[in-house]
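Q: here is a sequence with its predicted model. Questions after.
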Amino acid sequence: GTVYPQKTPQTKFLMAYANQFNSVEVNATRYGMPKIQTLEGWREKVSDGF
């Protein structure tokens with residue numbers, strides 16, 4: 001596709017996105033704050049500048 005290379009597995013979407021952009025807005029807090037483990041997992045998948 002446009003953001004993700006074809007056949008990119010869903011588990012690699014954040015890493016592929018982070019290769020093209022330096023930030024992302026997550027509309028998750030409406031449903032409750034994400035667990036700290038979730039946030040840490042996201043942080044581990046992107047570079048320091050993201």
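A: Happy to help now that I have it.
Q: checking Gln37 next. Helix, strand or coil?
A: Look at Gln37: counting by DSSP: H, G, I helix; E, B strand; the rest coil, its state is helix.
Q: contacting residues for it?
A: Gln37 makes no contacts at all, as judged by Cβ atoms under 8 Å, 6 or more residues apart in numbering. Just so you know, the C-beta spots here come from the backbone N, C-alpha and C atoms, and that holds for glycine as well.
Q: distance of it relative to Leu14?
A: From Gln37 across to Leu14, the span is 15 Å (Cβ to Cβ, to the nearest Å).
Q: what count of nearby residues applies to Thr29?
A: Thr29: 8 surrounding residues under other Cβ atoms under 10 Å.
Q: one more: Gly49?
A: Gly49 - counted by other Cβ under 10 Å - has 7 other residues nearby.
Q: name the element the residue nearest to the spatial centre of the chain belongs to?
A: In the chain, the centroid-proximal residue (Cα atoms, centre = their mean) is Leu14; its distance is 3.2 Å. For Leu14, the enclosing helix or strand under DSSP states H and E is helix 13-18.
Q: hang on, isn't the residue nearest to the centre of the chain packed against Lys45?
A: Yes. With contacts counted by Cβ atoms under 8 Å, Leu14 reaches Lys45, the gap being 5.0 Å.
Q: mind checking how far Val3 is from Met33?
A: For Val3 relative to Met33 (Cβ to Cβ), the value is 26 Å.
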